[in-house]
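Colleague: Here you go, sequence then predicted model.
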Amino acid sequence: MRKLSEYFSHAKIRTKMLLSYITILLTAVITICFLMYFYTMQIYKDQLLYSANQSFGQAKEFLGYRIDSVLYVSNLIRVNESVQSALSKQPEEIQEDVYEQYTDMRVLENYIYSICNSIDIYQISLYVPDYLTYSDQEVLFRNLNRFQETEEYDRLLDANDAGVWLSPRELYSADTNKTVRVISYLQNIKDISQMSKTVGVQRVSVRSSDIDTMMEKSNITTSGIVWIENKDGELISCSNAAIYEEMGEGIAKLREEGGLTENWETKVLNGETYFVRGEDIEKTDWKLIAALPNQELFQASSLVLKPLIPIFCILVIVAAVMAIFFSRMITSRISRLATQMEAVEDHIVDLTIEDEGIDDEIGHLFQSFQYMSNRLKELMDREYENGKAVKHAELKALQAQINPHFLYNTLDLINWEALDCGADRITKISQALAKFYKLSLNKGKEFSRIKDELAHVEYYVMIQNFRYNDRIKLNQSVPKELMECEILHIVLQPLVENSFVHGMAGQSETAILQLSIDGYAQGEDIVLEVADSGCGMSQEQMEMILGEQAKEGSGYGVRNIHMRIRLVYGEEYGLKYFKNEWGGVTVRIRFPKERKEMR
């Protein structure tokens with residue numbers, strides 16, 4: 001050290017300056033290299049977790065779509081008239097009538113195949129009593145009595161009439177004489193006329209391979225894994241079976257610890273550090289879990305470190321004459337890049353990043369960051385468009401599909417038959433029903449005028465009065481200037497029907513039900529109120545009818561209307577229930593005069 005000090009003291013000024021510059025440069029370069037290394041590592045980590053979040057969200061959306069499809073099919077089957085008719089017959093009525101059994105089987109086959117062809121479902125099976133000749137078909141129909149001896153049926157019983165999701169298993173199909181690995185949903189079929197009576201069991205199945213393929217696509221790393229498990233720890237699907245088996249002990253420990261949230265957490269599994277997150281899948285007992293190895297960040301670090309070595313060497317060689325210039329140029333360019341990065345952190349992604357056009361590693365970093373910014377903007381735009389598509393799809397799924405030509409032809413036939421027989425009452429009913437359904441279809445349009453909605457209600461009440469001997473009195477009071485304003489199609493009629501159902505409940509056979517529909521403008525909004533003179537509802541019932549706990553039936557339909565209005569117009573619009581001066585219930589509908597684009 002002393003000799004070095006003596007050498008420096010006696011050295012020429014050029015050497016001293018050169019050594020000083022090199023020392024400064026080395027210090028600066030080392031510092032910059034470390035800053036770039038750790039900063040880039042943080043960016044890579046953020047990008048990795050962001051991409052993982054995107055893939056995780058898409059996987060969850062896909063699962064939600066498949067689950068909703070299965071539940072939608074299950075609900076269709078449970079209340080289908082043909083299914084109810086075939087399975088609710090008493091043994092003594094049907095057991096010896098082979099022709100009627102065959103007819104029922106063909107009707108059910110056509111109905112099930114029509115569902116499978118229109119919705120992405122692999123197979124639908126009905127477990128029916130063994131006194132039916134087709135109970136051993138082993139394709140669309142299976143033996144209920146044998147099924148009741150299985151562990152699957154015990155799980156269904158433990159669910160107390162709720163549906164049960166089964167883990168993947170092999171399902172035999174007699175028509176192909178093969179087994180296919182499927183994920184199934186089991187649900188009891190209740191007799192609608194006697195809800196305490198179970199008449200069968202339905203199994204709605206999707207291919208396990210479809211879910212596995214989606215899971216493979218959702219994993220963005222080579223040694224990470226994404227998987228689904230149920231509350232009992234049974235594996236539903238995973239992105240890589242080999243990695244899942246290798247991580248067996250770590251996954252078991254993770255399951256034992258529990259407490260996973262939607263935020264990434266650091267966990268040590270099998271001696272390695274992972275970023276882990278998990279979310280419950282709605283309407284199932286499943287949990288979607290992702291584990292990303294921290295090791296991949298260190299592998300990426302070597303790619304970041306390699307370009308810095310030649311930069312360091314070049315700057316040391318030219319330090320004597322260009323140290324200050326280079327340091328100033330480098331720091332100014334890096335500062336500019338950091339400013340652009342801060343802008344991206346503030347959600348400003350529409351950037352044009354300018355550089356001096358120097359083709360070095362920092363220049364490449366500018367180009368990569370520009371590409372990342374452009375890509376991020378594309379992903380955000382795509383996410384926005386996807387969100388719009390999902391909302392439109394949700395609205396369309398709430399509306400029924402009816403064949404208008406068949407309906408009109410049938411009602412016209414009934415009308416002419418009634419005229420030939422001199423049945424004027426039937427003629428009036430069929431004409432009213434035809435007009436009712438014509439307004440219901442609305443030529444497939446999503447919106448209708450208020451005056452058409454009021455006419456829709458009038459025909460509904462007219463039909464009900466044929467049944468109840470004019471016991472329903474309807475009064476409509478809506479200003480003319482509001483009649484041409486548009487509202488979501490089929491909003492008023494289900495609310496009037498709900499008022500009618502609850503209002504007539506418990507009334508005598510001669511009781512009169514008063515119904516009124518009033519409308520008025522309030523600022524930029526329109527308010528419609530449907531009131532009845534029925535027996536009323538408790539505060540708890542009025543809150544329940546718009547809540548998540550609304551069940552199938554009129555209450556479920558009312559909640560659908562409430563959700564449709566909020567989806568189209570915004571969270572501040574929708575329905576509100578309160579008691580009225582008649583002692584019945586009034587429902588208030590609020591929506592804007594001018595329809596806005598759904599966001």
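Modeller: That came through fine.

Colleague: Report the residue ranges of every domain in this protein.
Modeller: Residue ranges of the domains in the chain are recorded as 80-210, 445-592, according to automatic domain parsing.

Colleague: closest to C313 out of those?
Modeller: domain 80-210 (53.0 Å; Cβ to Cβ). Where you see a C-beta, it was placed from the backbone N, CA and C, and this is true even at glycine.

Colleague: From the opening residue of that closest one to its closing one, how far?
Modeller: Using Cα to Cα, to the nearest Å, the end-to-end distance of domain 80-210 comes out at 28 Å.

Colleague: What of stretch 483-490?
Modeller: 15 Å.

Colleague: Over to stretch 142-150?
Modeller: Stretch 142-150 has its terminal residues 13 Å apart, counting by Cα to Cα.

Colleague: residues of that stretch that come out buried?
Modeller: R142, N143, L144, F147 (16 or more other Cβ atoms under 10 Å).

Colleague: Give me the contact list for it.
Modeller: Surrounding stretch 142-150, the residues in contact under the criterion Cβ atoms under 8 Å, 6 or more residues apart in numbering are S125, L126, Y127, V128, P129, D130, S135, D136, Y153, G200, V201, R203.

Colleague: make it 7 Å
Modeller: S125, Y127, V128, P129, D130, S135, D136, Y153, G200, V201 (Cβ atoms under 7 Å, 6 or more residues apart in numbering).

Colleague: Which helix or strand contains the fifth one?
Modeller: The reference is to D130. Per DSSP states H and E: D130 is located in neither a helix nor a strand.

Colleague: How confident was the prediction at the residue nearest to it when sequence neighbours are not counted?
Modeller: What sits nearest to D130 in space, not counting adjacent residues and going by Cβ to Cβ, 6 or more residues apart in numbering, is N145, at 4.5 Å. At N145 the predicted local distance difference test score is 91.

Colleague: part of a helix, is N145?
Modeller: Yes. Per DSSP: H, G, I helix; E, B strand; the rest coil, N145 lies within a helix segment.

Colleague: now it: how far from E93?
Modeller: For N145, the distance to E93 (Cβ to Cβ, to the nearest Å) stands at 19 Å.

Colleague: so R588 touches K576, yeah?
Modeller: Yes. Using Cβ atoms under 7 Å as the test, R588 is close enough to K576 to be in contact (4.7 Å).

Colleague: how near is the residue nearest to D130 to D136?
Modeller: To D136, N145 is 10 Å away according to Cβ to Cβ.

Colleague: how about stretch 87-104: buried residues?
Modeller: When neighbours are counted by 16+ other Cβ under 10 Å, the buried residues of stretch 87-104 are found to be L87, S88, K89, I94, Q101, D104.

Colleague: Angles on the backbone of the nearest residue to the first one once chain neighbours are set aside, please.
Modeller: This points to L87. Distance criterion Cβ to Cβ, 6+ apart; nearest residue to L87, sequence neighbours excluded, is V199 at 4.0 Å. Taking degrees, to the nearest 10, you get phi -110, psi -10 for the backbone angles of V199.

Colleague: which stretches of the stretch 1-150 of the chain form strands?
Modeller: Assignment of strands within the stretch 1-150 of the chain using DSSP state E, counting those that start in this stretch yields the ranges 123-128, 141-143.

Colleague: List the strands paired with the last one, with their directions.
Modeller: Strand 141-143 has these partner strands in its sheet, going by DSSP bridges: strand 123-128 (parallel).

Colleague: that older thread, show me which of the buried residues of stretch 87-104 is closest to E81.
Modeller: S88 (10.4 Å).

Colleague: Surely the closest one is in contact with Q194?
Modeller: No. In this structure, S88 sits apart from Q194 without contact. The criterion is Cβ under 7 Å, and the distance is 8.3 Å.

Colleague: Which helix or strand in the chain has the lowest average pLDDT?
Modeller: Of all the helices and strands that make up the chain, helix 319-345 has the lowest average by mean pLDDT, DSSP states H and E, namely a mean of 64.
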